[in-house]
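>>> what would the 3D arrangement of this be:
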Amino acid sequence: GKIISGVAEAGSTVVVKKSTTQIGTVIANATTGAYSITLTTALLNNELVAVTAKDVAGNISVAKSINAPDTTAPSIPTGTFDVTGKIVSGVAEKGSTVVVKNSANTTTLGTIVANATTGAYSITLVTALINKEIVKVTAKDLTGNISAVKSITAPDLIAPSAPTAIFSSTGKVITGVGEKSSRISVKNTANVEIGTIVANATTGNYSITLVTALTNKEVVSVTAKDAAGNISAATSATAPLVPVAVAAVTTVKMSAPSSATAQADALIQAMAAFAPPTAAQTRNLVGYYDTQQPMLASHG
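Below you'll find the predicted structure:
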């Protein structure tokens, strides 16, 4: 793209113009008419120039149009997915062939020739991509030069997997694993959120400390919501049954009963355990008092 050469009228002045700007001139060989013009700046992108010859009388030939070589790759095309993940569209070099490949750059998912006037293109994929897949879009011109890659990401229409969830032994903390960077939400049976946190961006691990511990086998539901707003199925987790602490019992030590009291208690227990005593038996009970005087025996 640096040198333009050819044959013109012998001794004529050869002029090269790009649009209306003269970019080179030389006098053709007086015998053969051969000429060679070295441009100040090489033309490498299929530029169109016009070459004319002017004789010594000032007559100018019809212009000869020639194209510079095309060794310049097209600009990077634009590209976006539609909301369904089925169509990739954008703008590329006019008339270039736009190719969409998978992230490994090994499989062609779609191809089309960009509009010759506007460069607009639209490619309908055979299979919609709906889970943040990355594709690579390139444009290839008529000479075979290929643009740099434009990477675009498919929409996310897939809900995260249900997170794992387990209570701590105290019922205060719920831990588990959800989709990386997803928002984990814990709700009670009334569908009221009682805890939330963003899962770790690398591992998906999470840990939620509840305001109030659940200690009576309460059931909660745990979900994960990704950045696109898709919400996972709920995972049920059951709180532990934590025994309620019982207040200590105070032991009261009674003083030993007096002898008279002990005898009375013994009598009551005996009466409760046996049939009522006869009159004769009553005389022998503990505490019985005989008011009769004993008879005196006479001895002769």
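>>> pretty sure G204 is touching R183, no?
No: G204 is beyond contact range of R183, at 11.9 Å (criterion: C-beta atoms under 8 Å). C-beta: built from backbone N, CA, C; applies to glycine.
>>> let me see the mean pLDDT of the helix or strand encompassing I184.
Here I184 is covered by strand 183-187, with elements defined by DSSP states H and E. Confidence for strand 183-187, expressed as mean pLDDT, is 98.
>>> and what of stretch 239-254?
73.
>>> C-alpha coordinates for the strand holding I184, CSV please?
Below are the C-alpha coordinates for strand 183-187, written out as CSV (Å, rounded to 0.1, in the frame of the first residue of the first chain):
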residue,chain,number,x,y,z
ARG,A,183,-28.9,-13.1,48.2
ILE,A,184,-29.9,-15.7,50.8
SER,A,185,-33.3,-15.0,52.6
VAL,A,186,-34.7,-16.8,55.6
LYS,A,187,-38.5,-16.5,56.2
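>>> pLDDT score assigned to I134?
98.
>>> thinking again about what came up before, what does the strand holding I184 contact?
With C-beta atoms under 8 Å, 6 or more residues apart in numbering as the test, strand 183-187 has contacts from 163, 165, 174, 176, 178, 193-199, 206, 208, 210, 220-225.
>>> I'd like to know which of those are part of strands.
174, 176, 193-198, 206, 208, 220-225 (DSSP state E).
>>> in PyMOL, select just the buried ones from the contacts of strand 183-187.
One line in PyMOL is enough to select the buried ones among the contacts of strand 183-187; burial here means 16 or more other C-beta atoms under 10 Å:
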select buried, resi 163+165+174+176+178+194+195+199+206+208+210+220+221+222+223+224+225
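>>> mind listing the strands for the stretch 51-200 of the chain?
With DSSP state E, counting those that start in this stretch as the criterion, the stretch 51-200 of the chain has strands at 64-67, 80-81, 87-91, 97-101, 108-113, 120-124, 134-140, 150-153, 166-167, 173-177, 183-187, 193-198.
>>> in TSV: those strands, plus distance to K2.
Shown next, in TSV, are the strands of the stretch 51-200 of the chain (distance: least, C-beta to C-beta, whole Å):
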stretch	distance to K2
strand 64-67	14
strand 80-81	39
strand 87-91	31
strand 97-101	28
strand 108-113	31
strand 120-124	33
strand 134-140	25
strand 150-153	31
strand 166-167	72
strand 173-177	62
strand 183-187	60
strand 193-198	58
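>>> which one of these lies closest to V26?
Closest approach to V26 among the strands of the stretch 51-200 of the chain is made by strand 64-67 (14.5 Å; C-beta to C-beta).
>>> in this protein, which spans are helices?
259-273, 279-282 (DSSP state H).
>>> what is D156 paired to in the beta sheet?
Taking DSSP bridges as the rule, D156 bridges to N131.
>>> tell me the contacts of K180?
A199, N200, A201, T202, T203, G204.
>>> same thing but at 7 Å, please
Taking C-beta atoms under 7 Å, 6 or more residues apart in numbering, we find K180 in contact with A199, N200, A201, T202, G204.
>>> swap in K101?
T107, T108, L109, V135, K136.
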